[in-house]
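Q: here is a sequence with its predicted model. Questions after.
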Amino acid sequence: MLAGFALVAPTGALAKGDLGLELNKLETAGAACQAYFLINEKAGKPLQSLKADLIIFGKDGGIAKRLIAELGPVRMNKTSVKIFAIDVACADIAGVLLNDVASCAPDAAPEACLDRLSLSSRLDIRFYK
């Protein structure tokens, strides 16, 4: 036992990313579902392209669909809405996983964009990475 020592997280280690991505709304469109994502760039670092690899989970916990969604361009210090059709009924969606960033420009590595992203959901649907 080490008396007098405490584990302290480095400053900024728990801070959210400077690129917010929110699952804002799901809307039925025939047999499919339209997903509305709010993206908010807060650091003055615009992106020409940001392709998200999204995995849609059904109510049974199984993977229902995979979607590569182009979120770009993302303008500097701007909030935008991106809308995507998902070939799954809205009522059947239980969660959305940001599996990875497929591409990110002008950043050289998709990991740089993945680290910048802070996810949230306004719905009773889990949105996570």
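A: Arrived safely, thanks for sending. Numbering: from 1, shown residues only.

Q: buried stuff in the helix or strand of the chain with the lowest mean pLDDT?
A: Least confident helix or strand of the chain, by mean pLDDT, DSSP states H and E, is helix 110-116 with a mean of 88. By neighbour count on 16 or more other CB atoms under 10 Å, the buried set for helix 110-116 is 110, 113-114, 116. For the C-beta atoms, the positions are set from N, CA and C on the backbone; glycine is no exception.

Q: what residues does it touch?
A: In this structure, residues lying in contact with helix 110-116 by CB atoms under 8 Å, 6 or more residues apart in numbering are 17-19, 43, 45, 47, 50, 98, 100-104, 107, 129.

Q: return the closest of those with respect to L123.
A: Nearest to L123 among these is L98, at 15.0 Å by CB to CB.

Q: element containing that closest one?
A: strand 93-105 (DSSP states H and E).

Q: rewinding a little: and the angle from the next helix or strand after the least confident helix or strand of the chain to strand 93-105?
A: Remark: after helix 110-116, the chain's next helix or strand is strand 117-121, criterion DSSP H and E. In terms of direction (axes from the mean of the first three to the mean of the last three CA atoms, to 10 degrees), strand 117-121 departs from strand 93-105 by 160 degrees.

Q: which residue ranges of this protein form strands?
A: With DSSP state E, the ranges of strands along the chain come out as 19-29, 32-41, 49-58, 63-70, 79-86, 93-105, 117-121, 126-128.

Q: return the distance of the fifth one from the chain's centre.
A: The one in question is strand 79-86. Taking CA atoms, centre = their mean, to the nearest Å, one finds strand 79-86 lying 11 Å from the centre of the chain it belongs to.

Q: E41 is in contact with P73, isn't it?
A: No. Using CB atoms under 8 Å, E41 is not in contact with P73, being 10.0 Å away.

Q: show me which parts of stretch 23-30 are buried, residue by residue.
A: So for stretch 23-30, counting by 16+ other CB under 10 Å, buried means 23-24, 26.

Q: which stretches of the protein have low pLDDT?
A: Scanning the chain for pLDDT under 70 picks out 1-16, 108.

Q: and E41 and P73? Which one has more around it.
A: E41 (21 against 14; other CB atoms under 10 Å).
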